[in-house]
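Colleague: Next one to model:
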Amino acid sequence: LWRIREEGSGLATRAPDGTEAWPGWEDSAVPPEHFGSYLRAYDRLMDAHGYRGVVYGHFGEGCLHVRVDFGLGDAEGRRRFRSFMEAAADLVAEHGGSVSGEHGDGQARSELLPRMYGDRLIRAFGEFKSVWDPNNRMNPGVIVDPQPMDADLRQAAVTSGPLTVLDYPEDQGDFARAMRRCVGVGKCRRHEGPGVMCPSYMVTREEKDSTRGRARMLFEMVNGEVITDGWASEEVRDSLDLCLSCKGCRSDCPVNVDMAAYKAEFLHHHYRGRVRPASHYSMGWLPVWARLAAVAPAEVNRAGGARVLSDVLKRVGGIAPQRRI
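Modeller: Purely as a prediction, here's the structure:
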């Protein structure tokens, strides 16, 4: 039960039918004695806007964590998102609560703060900030003179053309949808405790070598805004290089990110029509070499054990010199 709670923010991002759900209204809180009334009104608000969402905490503190099936991929979906958020902020204010019960306002909720504090207090916040930060260099666009809450949303990556060779049945055959599985829970960054994810991160402690870091790189590749060269991207290739394809993420990650499959997909497209690194041929074709070696195993073993010939074979095959053939 505790593990389910710990992984709630990941588990709740996919409904049983596969529908995607998103953060946005996952941190509202009201005084605990008002929580029952707030929760009933919140359910009516969700019904009125045609949304569904899994709620996963913290009722004892009057705080509501939830992932909602916002449709953020088009203008109408973002309009509905804004309408819901404004109504939900008014609902929290009516119950004497806060739009940010636990994790802070940030860009996501700063625009809603006047509904909670009123314009006079918001102006006072601005005057106070201008005394200490006259050039507005600290956290611009947050709390004071905020950015719109629907600006810079993490847009759904768009699939164009026949993108993949694997099926991705749990993601409706859509590689971009699979890339949206990772919502940054970060279980792959743990150094201890049960589970095996993620071996390469445990060694390097670099974000780019975590399952989350790799998933983000692939998302940016598909989105095409930050990484613009698609399957040819060397940055994505380097990020995937230390992935062991152990499938630890497939079982340990709350949203079942399958980096081994994504790596296979990427390498297929990245090297299509190109010469691959030598190790891809020496290791990737091991079944072929094994069948050939079976014709004369003793002679092959002698040749592999000969120092000069062994060194040449390892160099040609891209094999680490410390290894014995």
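Colleague: contacts and neighbour counts: CA atoms only from here.
Modeller: OK.
Colleague: the longest helix in this structure is where?
Modeller: Identified as the longest helix of the chain according to DSSP state H is helix 75-94.
Colleague: mind checking how far that helix is from the chain centre?
Modeller: Centroid separation between helix 75-94 and its chain, computed with Cα atoms, centre = their mean, to the nearest Å, is 24 Å.
Colleague: What separation do you get for the closest residue to Gly106 other than its chain neighbours and His103?
Modeller: Spatial nearest neighbour of Gly106, excluding adjacent residues (Cα to Cα, 6 or more residues apart in numbering): Val142 at 5.7 Å. Counting by Cα to Cα, to the nearest Å, the gap between Val142 and His103 amounts to 14 Å.
Colleague: sorry, back to before: and the residue nearest to Gly106, how far is that from Phe81?
Modeller: 19 Å.
Colleague: same question for the longest helix of the chain, mean pLDDT?
Modeller: The average pLDDT within helix 75-94 is 94.
Colleague: Kindly report the same for stretch 307-322.
Modeller: 89.
Colleague: Make 298 the first number, not 1, from now on.
Modeller: Let's use 298 as the start, then, which means that last one is stretch 604-619.
Colleague: Please identify the buried residues of that stretch?
Modeller: Of the residues in stretch 604-619, 607-608, 610-611, 614, 616 count as buried by neighbour count, 16 or more other Cα atoms under 10 Å.
Colleague: hmm, who's touching it?
Modeller: If you take Cα atoms under 8 Å, 6 or more residues apart in numbering as the criterion, stretch 604-619 is touched by 574-576, 578-579, 600-601, 621-622.
Colleague: repeat that with 10 Å
Modeller: Contacts of stretch 604-619 from elsewhere in the structure, counted by Cα atoms under 10 Å, 6 or more residues apart in numbering, are 574-580, 599-602, 620-622.
Colleague: From the buried residues of stretch 604-619, which land in helices?
Modeller: Per DSSP H, the buried residues of stretch 604-619 map to helices at 607-608, 610-611, 614.
Colleague: Could you provide those residues in JSON lines, with additional columns for distance to Val462?
Modeller: Shown next, in JSON lines, are these (distance: Cα to Cα, whole Å):
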{"residue": "Ser607", "distance to Val462": "37"}
{"residue": "Asp608", "distance to Val462": "37"}
{"residue": "Leu610", "distance to Val462": "33"}
{"residue": "Lys611", "distance to Val462": "32"}
{"residue": "Gly614", "distance to Val462": "27"}
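Colleague: For Gly354, state which of the residues you listed is nearest.
Modeller: Set against Gly354, the nearest of these by Cα to Cα is Gly614 (53.7 Å).
Colleague: Look up how far Arg573 lies from the closest one.
Modeller: Taking Cα to Cα, one finds Gly614 at 11 Å from Arg573.
Colleague: Pro466 too?
Modeller: From Pro466 to Arg573 the distance is 29 Å (Cα to Cα).
Colleague: So for the two, which sits in the more crowded spot?
Modeller: Here Pro466 and Arg573 are set side by side on neighbour count (other Cα atoms under 10 Å), and the busier one is Arg573, at 12 against 9.
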